[in-house]
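J.: no sequence on this one, just coordinates:
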């Protein structure tokens, strides 16, 4: 647990952050806010990453300007958010997020209508609202830079870069924890994880991607509250799952999910299949180990393929059990997959297009495992073929009986590469627009009835 402390200011000459590392749009935005009399900081993950020598994915800005003032200052601004009111600045090549400094709520808080039009007669949403469990639903209470920093989830994210003097400000023990490789929650872990259960997934992600260790008190409370992850918004959980699996650290993340109990809350289907079976868990970890190094390469797997690698064995095994009762294989796979999607989407909102792609990858396995005697090009030209073949190769690493099929198909596409989707679309369009030959009719002789 971290309490308020005197902010530590690190001057420019004592840290490694340079404006050359930043997005030009972010630098211009900081300067415009500063030149108009507002405080303007880079905050959160971008400061952390630059201090670690990494390239940030995005740049978040915090300021004392209210959302309405930000909108008046930037013509490319759109205000978004229900729980948190944020400003998005739209540039040609990126979108910058600008938020107003906020603070934690106290019982005496009332709504500040300074930015609301006087003619607005609609009932206004409260600045701060929680449900009966303590989860924050609405949170727009403005505060100071120090109060805003201490509302953040972890100490390593409570760092700010001040454009006014190019200094780094540590409002907590962020620099110390960054040097020691610790993920430490700010505030009371019981309260902070209850306010926002997604913070538990973020702790796992940061620990896995940075190879850090979760601090003892934070870890213990995370394990105690792991079952509450199912209360979080399913759409937010899907966004976090994408980051968790596609950052090249899915193996350590999966291990932490299992150890903490979060896997049972997120994916009860998979947790039941594992059922404390070490061999199955090791099997999945081996799969993820082979996929993590592909991040950033031309062969980087899609999220649908990652989900196939993770959930495919359990779906295929249960479908096979159903098939043995006399149900046709295709029908058994359809029924099992439908049960999987229904249960999973109650917690994690997996988009329909991802589900369709996942089903297609698994559905093509039966055709790929038996080498076709005729027209293999029909299978090879299906849009999901390459991912399905990659899945078969992945399966052949642990099931030697599939290697011959995987090698045959690999050889086939080397000699007869499948057409891409654009070529197929052009051919279909051409066939539709091709004019039919006109039928010739014989003229009747004149004078005939």
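T.: Cool, the structure landed. All figures in this text were calculated on a predicted structure; none of them were measured in a lab.

J.: quick check: residue 103 vs residue 30, distance?
T.: Separation of residue 103 from residue 30 (Cβ to Cβ, to the nearest Å) stands at 22 Å. Using the backbone N, CA and C atoms, a C-beta is placed for each residue, glycine as well.

J.: look at these two and report which has more neighbours.
T.: residue 30 (25 against 17; other Cβ atoms under 10 Å).

J.: quick one, what contacts the more buried one?
T.: Residues in contact with residue 30, defined by Cβ atoms under 8 Å, 6 or more residues apart in numbering, are 40-42, 61, 163.

J.: residue 343: how many residues sit nearby?
T.: Neighbour tally, residue 343, other Cβ under 10 Å: 13.

J.: secondary structure element for it?
T.: helix 329-345 (DSSP states H and E).

J.: what residues sit buried inside that helix?
T.: When burial is assessed from 16 or more other Cβ atoms under 10 Å, helix 329-345 yields the following buried residues: 332-334, 336-337, 340-341, 344.

J.: next: stretch 283-291.
T.: 284, 287-288, 291.

J.: a markdown table please, covering these and showing pLDDT and distance to residue 142.
T.: Below are the buried residues of stretch 283-291 laid out as a markdown table (pLDDT from 0 to 100; distance: Cβ to Cβ, whole Å):
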| residue | pLDDT | distance to residue 142 |
| --- | --- | --- |
| 284 | 95 | 45 |
| 287 | 93 | 47 |
| 288 | 94 | 42 |
| 291 | 93 | 43 |
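
J.: any idea which element residue 394 lies in?
T.: Per DSSP H and E: helix 385-396 holds residue 394.

J.: helix or strand right after that helix?
T.: Counting by DSSP H and E, what follows helix 385-396 is helix 403-415.

J.: what about the strands in the chain?
T.: Here the chain has its strands, by DSSP state E, at 8-10, 40-43, 60-63, 77-80, 86-90, 95-100, 128-130, 136-139, 159-162, 167-170, 182-183, 213-214.

J.: just put these in CSV and tack on distance to residue 314.
T.: Below are the strands of the chain laid out as CSV (distance: least, Cβ to Cβ, whole Å):
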stretch, distance to residue 314
strand 8-10, 49
strand 40-43, 41
strand 60-63, 38
strand 77-80, 37
strand 86-90, 38
strand 95-100, 37
strand 128-130, 37
strand 136-139, 34
strand 159-162, 41
strand 167-170, 45
strand 182-183, 30
strand 213-214, 27
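
J.: just so I know, which of those strands lies nearest residue 348?
T.: strand 136-139 (19.9 Å; Cβ to Cβ).

J.: which two among the contacts of residue 30 are spaced furthest apart?
T.: So, the contacts of residue 30 by Cβ to Cβ: farthest apart are 61 and 163, at 9.2 Å.

J.: what sits in contact with each of the two?
T.: Joint contacts of residue 61 and residue 163 (Cβ under 8 Å, 6+ apart) are 30, 40-42.

J.: in PyMOL, select just the buried ones from those residues.
T.: A single PyMOL command selects the buried members of those (16+ other Cβ under 10 Å):
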select buried, resi 30+40+41+42
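
J.: which single one of the shared contacts of residue 61 and residue 163 is nearest to residue 22?
T.: residue 42 (7.2 Å).

J.: against residue 389, how distant is the residue nearest to that closest one when sequence neighbours are not counted?
T.: With sequence-adjacent residues excluded and distances taken as Cβ to Cβ, 6 or more residues apart in numbering, residue 42 is closest to residue 161, at 4.0 Å. Per Cβ to Cβ, residue 161 is found 46 Å from residue 389.

J.: of these two, who's got more company?
T.: Between residue 161 and residue 389, counting by other Cβ under 10 Å, residue 161 is the more crowded of the two (26 against 23).

J.: now do the contacts for that one.
T.: 17, 41-43, 47, 50, 167-169.

J.: for the residue nearest the centre of the chain, what are its contacts?
T.: In the chain, the residue lying closest to the centroid (Cα atoms, centre = their mean) is residue 242, at 2.9 Å. Applying Cβ under 8 Å, 6+ apart, we find residue 242 in contact with residue 303.

J.: so what pLDDT did it get?
T.: Residue 242 carries a pLDDT value of 94.

J.: now residue 169
T.: pLDDT, residue 169: 96.

J.: any idea what it is bridged to?
T.: Beta bridges link residue 169 to residue 9, residue 160, judged by DSSP bridges.

J.: isn't it right up against residue 15?
T.: No: between residue 169 and residue 15 there is no contact under Cβ atoms under 8 Å: 10.6 Å.

J.: what about those two, which has more around it?
T.: residue 169 (21 against 17).

J.: quick one, helices of the stretch 101-250 of the chain?
T.: 145-151, 174-180, 189-195, 198-210, 216-224, 234-246, 250-260 (DSSP state H, counting those that start in this stretch).

J.: redo the ones you listed as CSV? Include distance to residue 393.
T.: Shown next, in CSV, are the helices of the stretch 101-250 of the chain (distance: least, Cβ to Cβ, whole Å):
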stretch, distance to residue 393
helix 145-151, 47
helix 174-180, 39
helix 189-195, 40
helix 198-210, 25
helix 216-224, 36
helix 234-246, 19
helix 250-260, 18
